[in-house]
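what would the 3D arrangement of this be:
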Amino acid sequence: QGLYFDKENNFIIETEHGPMGGDEINLIEVEKINKDEILNYGWPVVSAGEHYGGKNPKRNKIKYEKYPLYKSHSKHGFIEPIKSFVPSIGIAENVKIGDNKYVLSSMRDRSIYFFNLDQEKNIINFDRVEVFERVRDLKFHDNKLYLFMEDTASIGIIDLI
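Numbers count the residues shown, from 1 in each chain. The predicted model follows:
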């Protein structure tokens, strides 16, 4: 749903929808990208969420056999997300707003989330701000955060000075 290339830190912050639950924020370290080994973040084998309909044997038996949705990424050879959301928030765009400071938008949760990354690239200071509307996209320019809101087809502006 969202990709932000942080040139200063040489990584990509990627946001993606999971199944029923399991939206993720992944951090892709550019220096680890190479042609010989593919970075694998686990979908559709691993997720904090569940297949729609759950573990209902009549509805999803074959799906869970083929795509089991293990809960630990690293135990199964995949890269762990830096954050998972259960229940899903309808994660959308993400942007950088300062030194190791970021914000992401959500559609289902009708909120934006501010967070920092520490030296080890772990999320700290994770704060939710409800905006009461689906926020599909974000843009940061001249210390202003622009929210592109779906329900009213409007643009919200937050001055971050």
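
quick check: end-to-end length of stretch 100-119?
9 Å (C-alpha to C-alpha, to the nearest Å).

pull out the buried positions in that stretch.
Going by neighbour count (16 or more other C-beta atoms under 10 Å), the buried part of stretch 100-119 is 100, 102-107, 109-115, 117. Quick note: C-beta positions are derived from backbone N, CA and C, even for glycine.

pull the residues that contact that stretch.
By C-beta atoms under 8 Å, 6 or more residues apart in numbering, the list of residues contacting stretch 100-119 from outside reads 2, 4, 9, 13, 15, 25, 27, 82-83, 88-97, 123-138, 140, 145, 147, 150.

just the buried subset of these, please.
2, 4, 9, 13, 15, 25, 27, 82-83, 88-96, 131, 133-138, 140, 145, 147.

send me the helix or strand of the chain with the lowest mean pLDDT as CSV with only the CA atoms.
When the helices and strands of the chain are scored by mean pLDDT, DSSP states H and E, helix 57-66 comes last with a mean of 90. In CSV, the C-alpha atoms belonging to helix 57-66 read as follows (Å, rounded to 0.1, in the frame of the first residue of the first chain):
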residue,chain,number,x,y,z
PRO,A,57,-12.5,-26.8,7.8
LYS,A,58,-15.3,-26.6,5.3
ARG,A,59,-14.3,-23.2,3.9
ASN,A,60,-10.5,-22.9,4.3
LYS,A,61,-9.0,-26.4,4.9
ILE,A,62,-7.1,-26.5,1.6
LYS,A,63,-6.1,-22.8,1.9
TYR,A,64,-4.5,-23.5,5.4
GLU,A,65,-2.8,-26.6,4.1
LYS,A,66,-1.2,-24.6,1.2
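
filter the buried ones among the contacts of stretch 100-119 down to just the ones in helices.
Per DSSP state H, helices hold no members of these.
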